[in-house]
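K.L.:
Task: produce atomic coordinates for the following.
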Amino acid sequence: MGTPDFAVPVLEALIKAQQVVGVVTQPDKKKGRGKAVQFPPVKETALAHGIPVYQPVRVREEAFLAQLKDLAPDVIVVAAFGQILPEAILNLPPYGCINVHASLLPKYRGAAPIQWAIIDGEKETGVTIMYMEKGLDTGDMIKKATVAIDPKETGESLHDKLAALGGPLLLEALADLEAGRACRESQKDEDSCYAGMLTKDLGRIDWTRDAASIERLVRGLNSWPSAYTSLGGKTLKLWDTDVVEDQEAAGLQGQTPEDKPAPGTVAAVSKKAFYVQTGHGLLKVNEVQLQGKKRMAVSAFLLGYKLEPGTVLGLAEA
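P.N.:
Residues are numbered from 1 along each chain as shown. This next block holds a predicted model:
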């Protein structure tokens, strides 16, 4: 059971090592201006390998539960599926329902653990293989694997690292399950935090926050939903930024820290970047995308847009 790109390497690992009797994924969606029907990535992978695909609107439907019972699975593997499983499914397979979760549980239970680990400034994260139960990501843990979060790590790059990690780790856990040697480590609820679902509004930059937290937001929400502000009444997405100490950027225009402008103000502009005052520190902006334009380096952006120091960003969100 899985839906997005994250679940594809998990399915591919299973196909190589186990008999996959069926794949359950979310219903197809219409996307784009032409409203063309788009298959979930997991469905495309399953069809390419000739595996039956099931797409119930709700997994609680009696007709689907009957289909699932007919498949008689030994184990159900879940990876970013997108629906809560009822007890009727959790209790169906002899070896249980096993989840591939993209965090080091009990931290970051919920829908967006990859992005929130970056936004919150974690130094490491990983993948946890766990038994599923009624609670949200609260089941006993079987195996973990850890990866470091690089200083310039984005939500997209970390997603790819963890997706590649999930498949091999899952196969180790399944081998332990079958051999009867799988460990069960209970989670401490007091150590948990909730990684809520991402929304576009989450990306709106609050310039009164410090530069470091804004820089993490930019990386965490890259590539979706992206961090953004407004410039001249248009949405301006920020794709790559760095934190700069006040005195460093202030030297670009001879300011002293006491002269610093209000948060959201462009403090300085160079050939390759511009600097925005935040609630604490300056944010060096290296790559942007203005509404209706392509993503580009600031050096290219400034060739076609005259950005002056003193310009205030975020005055009227588009």
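K.L.:
Please name every helix or strand in contact with the strand or helix carrying Ile129.
P.N.:
With elements taken from DSSP states H and E, the one containing Ile129 is strand 124-131. Judged by 3 or more CB pairs under 8 Å, 6 or more residues apart in numbering; DSSP states H and E, strand 124-131 is in contact with strand 97-101, helix 113-119, strand 141-148, helix 155-179. To be clear about C-beta, it is placed using only N, CA and C from the backbone, and glycine gets the same treatment.
K.L.:
go again using 6 Å as the cut-off
P.N.:
Packing partners of strand 124-131 (3 or more CB pairs under 6 Å, 6 or more residues apart in numbering; DSSP states H and E): strand 141-148, helix 155-179.
K.L.:
looking at the ones you listed, which is closest to Ser270?
P.N.:
Checking these against Ser270 by CB to CB gives helix 155-179 as the closest, at 26.5 Å.
K.L.:
any idea of the angle the closest one forms with strand 124-131?
P.N.:
Helix 155-179 runs at 40 degrees relative to strand 124-131, counting by axes from the mean of the first three to the mean of the last three CA atoms, to 10 degrees.
K.L.:
From the contact counts, what lies against helix 155-179?
P.N.:
Under the contact criterion of 3+ CB pairs under 6 Å, 6+ apart, helix 155-179 touches helix 8-17, helix 113-119, strand 124-131, strand 141-148.
K.L.:
want to try JSON lines for these, with mean pLDDT and distance to His280 as columns?
P.N.:
Shown next, in JSON lines, are the helices and strands packed on helix 155-179 (pLDDT from 0 to 100; distance: least, CB to CB, whole Å):
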{"stretch": "helix 8-17", "mean pLDDT": "97", "distance to His280": "40"}
{"stretch": "helix 113-119", "mean pLDDT": "98", "distance to His280": "17"}
{"stretch": "strand 124-131", "mean pLDDT": "98", "distance to His280": "25"}
{"stretch": "strand 141-148", "mean pLDDT": "98", "distance to His280": "26"}
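K.L.:
To Met197, which of those lies closest?
P.N.:
Nearest to Met197 among these is helix 113-119; the distance by CB to CB comes to 10.0 Å.
K.L.:
how far does the closest one sit from the chain's center?
P.N.:
Remark: helix 113-119 is offset 7 Å from the chain centroid, using CA atoms, centre = their mean, to the nearest Å.
K.L.:
Could you do stretch 54-67 as well?
P.N.:
Computed by CA atoms, centre = their mean, the chain-centroid distance of stretch 54-67 equals 27 Å.
K.L.:
which parts of that stretch are buried?
P.N.:
54, 56, 59, 64-65 (16 or more other CB atoms under 10 Å).
K.L.:
closest to Lys294 out of the helices and strands packed on helix 155-179?
P.N.:
Nearest of the helices and strands packed on helix 155-179 to Lys294, taken as CB to CB: helix 113-119 at 23.6 Å.
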